[in-house]
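J.: sequence isn't available, so here's the structure alone:
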C-alpha cells in the first residue's frame, strides 16, 4: 500500500496523544469484554438450558417445597420420560466465603435428566452404594483440592445444626466448556435421614426430561392442571425460562450491562471524535496542500478514516487481548461469586466489530469536513 | 511571448480570456479581476506584481485550478479548465501544475524524499520508478544528500528547494510560485531564484510567479502588474505613471 507512509507518519505525529487515544479504546474494549463475561455468566443458565427439560416448582415460590408424592403422578403424564428432584442444601465448607451450590439429588434419575454432566460409571456406582457419598464438579474439586476418597464436612445452615460428613465418590465434567462444574450432589436418602421430620418427604423442585420438546407447552399445562387446587400448586416452565426468571431476581442484569456498555461507547465516540476533529483542524493546511497537488477529496477522507480505524483497531486488539489474559485470573478470583466466567469468542468478535465501527464513526465527520474544505480558504489560513 | 491584450484565439500554452472574479464580503461585492486577458507561451517566465489585495494570488489560484472564476475562461495546452468538474480538475492539477508556496507547506512528518514522492503516489509508476524520479528531482535542487532529513532538520532555503523538487517531480506543464522567496533571507532567495531560472532556461519549464519584490520580479522574462483587476505590462505601467495615469 503506497499510502501507508503517509497514514502511519500522521498517526505517530503526536505519540502521547496517540497512546492516550489507543488507551481509551483499550480500556473501553476491556470493559466491554468484562461486561460480556458477566452477562454471559448470568445468561448462561438460559443459554445452556435444554429444550427437552422442564422445571416444576411450587406456584407460591421456589422456597416452598413440593411433596415427593408428585413424582409418580408427573411420570404418568404422557410425554414425560424421566423425573428427578432436587433440594437446595445451602451448606458452608470451612468458611462462608467458600460458596458453591450443593444439591440433594435423586440418584436414580439424575444422569438421565442431565446427560451433559458426565460421571464415570465406576464412580457413579460407588456413589450409589455410599449413603454419604457425593459427586462434585471438576472446578469445585480443583478449587478445594478434593480427590476421590476424601471425607468432607459441610455445615448446614438450613436443615438443622452441625456438620454433615460426605465422601467424595466421583467427579463430574461437563460436555461443553460452559457447563457448570461447580455443583456438589449428594444422596436423597442421606438427606431424608438427617432432616427434621417436618420437612421429610418434601422436595425443592422437580426437573423433567420429555420425549419431544414440541410437547413442552402441553406437558407443562398438564402438570400444572394435575396439581391445581391442591395445597401445593405447581408452576411448570421450560428450563430456559426458569433460568431466566432466576437471574431476574438479581435485577435486570441485561439492561444494566447494556446501559453501562452504551455509556462507555458513547463517551468513547465523543472523546475519539473530538481527538480526530482536533487532529484534522491542526493540519488543515497540509490536507489543503495534498488536495492542491492532486489528491482527491475521497483520498483525503480515506486518510482520515484510515487513521481513526487504525487507532480503533490497535486499541481494540490491545483491550481485548488484555481481557483474554486477565479474564482467567479474574474468573479464578471471582469463582465463588460468579462461577465459570468465560470470555466468549463471540464477544471478542463483537468487540472488534464495535471498535472498528466506533473508529469509523469518530473519523467520518472530521473526514467529511476535510473532504469538503476549499483548498483556497485553507491555504489562506496558513 | 507574454501578451495581456489579446482577446482572440492564440496558440499560447496558457490562454486567459475575459477573466472575472468577484468575492462577496459581508454584503459587499468585491470585483478582484475584471475581464483579464493573458497569453503565456511554453518556456515563459512571468512575474506578477501589485499591491496587497490586488488579486495576484487569486489569479494564481485560478490558473492552478484551485478556484473557479465568476466569468471568463482559462485554457492550458488546449484544456479549458474553467468548466471542468471538481474531480477532473483535481486530476488535471496532478498532471499539469506544480505548486511552490511561500511557506513551503511540506508535510512535517515525512522526510524530504517522502514529501517529493507525494505527487508520484497518484501515478501508476512502480516504487523503483518513483525512486528514480524523486532522486532526479532532489538532484536538480541539490538536496540528494538530504533526502532522509525531515523538514525541521532543514533550513528555510532547503525546505523551499524540497518544495520545488515536489513541484517538478511529476514534470508538470507549468509551475505556479506564490511568493517563493517571501520567507527567505536575501542569500537563500537568490539561490532559489537561480534554481527557478535554471528550471526555465535548462529544463524549459513555464513559470508564473507572484512576488512583491522588484529584484525578484526582475529575474523573470516578463513582469506584469495587476492594477484594478487587469494586467498591465511593466513598461506600460511606467509610461502610465509618468503620464499620471494608472498607479
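T.: Done, it's in. Being a predicted model, the structure only gives us computed values, none of them experimental.
J.: ok, now which ones touch residue 150?
T.: Since no chain was named, I'll use chain A. A:167, A:168 (C-beta atoms under 8 Å, 6 or more residues apart in numbering or on different chains). Heads up, the C-betas are built off the backbone N, CA and C, glycines and all.
J.: oops, chain B please
T.: So residue B:150 contacts B:108, B:109, B:110, B:111, B:112 (C-beta under 8 Å, 6+ apart).
J.: right, and residue A:334 touches residue A:328 too?
T.: No - the pair residue A:334 / residue A:328 is not scored as a contact, 11.0 Å apart, by C-beta atoms under 8 Å.
J.: before we move on, which element is whichever residue of chain B sits closest to chain A in?
T.: Proximity to chain A, evaluated over chain B using C-beta to the nearest C-beta, is greatest for residue B:94 at 2.5 Å. Element membership for residue B:94, per DSSP states H and E: helix B:86-96.
J.: quick one, domains of chain A?
T.: A:4-45+A:252-381, A:60-232 (automatic domain parsing).
J.: the ones you listed: which one's closest to residue B:226?
T.: Among these, the nearest to residue B:226 by C-beta to C-beta is domain A:4-45+A:252-381 (17.0 Å).
J.: let me know whether the closest one sits next to chain B.
T.: Yes - contact of domain A:4-45+A:252-381 with chain B (C-beta under 8 Å from any C-beta of the partner chain) involves A:5-6, A:9-10, A:12-13, A:285-286, A:289-297, A:375-376, A:379.
J.: show me what the residue at minimal distance from the centre of chain B is bridged to.
T.: Centroid-nearest residue in chain B, with C-alpha atoms, centre = their mean: residue B:176, separated by 1.0 Å. Applying DSSP bridges to residue B:176 gives these bridge partners: residue B:99, residue B:208.
J.: quick check: it touching residue B:101?
T.: No - using C-beta under 8 Å, residue B:176 makes no contact with residue B:101, being 9.2 Å away.
J.: could you say which helix or strand holds residue A:169?
T.: strand A:163-174.
J.: distance from the chain centre to the next helix-or-strand element following that strand, please.
T.: Following strand A:163-174 in sequence order, the next helix or strand is strand A:184-187 (DSSP H and E). Between the centre of strand A:184-187 and the centre of its host chain there is 25 Å, according to C-alpha atoms, centre = their mean, to the nearest Å.
J.: doesn't residue B:73 fall inside a strand?
T.: Yes - assessed with DSSP: H, G, I helix; E, B strand; the rest coil, residue B:73 lies in a strand.
J.: for it, name its beta-bridge partners.
T.: With DSSP bridges as the rule, residue B:73 is bridged to residue B:17.
J.: before we move on, the earlier item: lowest-confidence stretch among the domains of chain A?
T.: Mean pLDDT values for those show the minimum at domain A:4-45+A:252-381, a mean of 88.
J.: roughly how far is that one from the heart of the chain?
T.: Distance, centroid of domain A:4-45+A:252-381 to centroid of chain: 24 Å (C-alpha atoms, centre = their mean).
J.: returning to that earlier point: in helices, which of the contacts of residue B:150 fall?
T.: Members of the contacts of residue B:150 lying in helices (criterion: DSSP state H): residue B:112.
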